[in-house]
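K.L.:
my questions concern the predicted model and sequence given below.
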Amino acid sequence: MVLERPVTFPFDLIVNAFEVLPLEERHWLIERRKAVLVSNLKQLNKIVGKLPEHKVTHNAILQHHQVYLQAELKWLDKLDAPTFDGESK
């Protein structure tokens, strides 16, 4: 059942390797992921702008995706911070 499935985050597999990657490569991977997320967010915003306001359920679903993308972008900024040491603060 869909309600019982855990959310998966494939990029976490890459983050798991950060401890052994050079800083430059970590930064490149993060920037690459951010570019994908920004592109997805722009596409999503275009779709949201075209939907009639009465499509409440569609808007709610798209807003959920927007929140997810924005949250991941913030998380990536924290990962790319110079003080990142692999531990949550």
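P.N.:
Perfect, thanks for sending it.
K.L.:
separation between Leu62 and Glu72?
P.N.:
Leu62 sits 16 Å away from Glu72, going by C-beta to C-beta, to the nearest Å. For the C-beta atoms, the positions are set from N, CA and C on the backbone; glycine is no exception.
K.L.:
and for Glu25?
P.N.:
20 Å.
K.L.:
looking at those two, which is more packed in?
P.N.:
Applying other C-beta atoms under 10 Å to Glu25 and Glu72 shows that Glu72 carries more neighbours, namely 18 against 12.
K.L.:
give the buried residues for the lengthiest helix in the chain.
P.N.:
If you go by DSSP state H, the chain has its longest helix at helix 23-50. Neighbour-count burial for helix 23-50 flags Arg26, Leu29, Ile30, Arg33, Lys34, Leu37, Leu41, Leu44 (criterion: 16 or more other C-beta atoms under 10 Å).
K.L.:
need the max-distance pair from those.
P.N.:
Arg26 and Leu44 (26.7 Å; C-beta to C-beta).
K.L.:
now for the helix or strand hosting His64, which elements pack on it?
P.N.:
Following DSSP states H and E, one finds His64 within helix 56-79. Here helix 56-79 touches helix 23-50, going by 3 or more C-beta pairs under 8 Å, 6 or more residues apart in numbering; DSSP states H and E.
K.L.:
what is the helix it packs on packed up against?
P.N.:
helix 11-16, helix 56-79.
K.L.:
tilt between it and helix 56-79?
P.N.:
Using axes from the mean of the first three to the mean of the last three C-alpha atoms, to 10 degrees, the direction of helix 23-50 lies 160 degrees away from that of helix 56-79.
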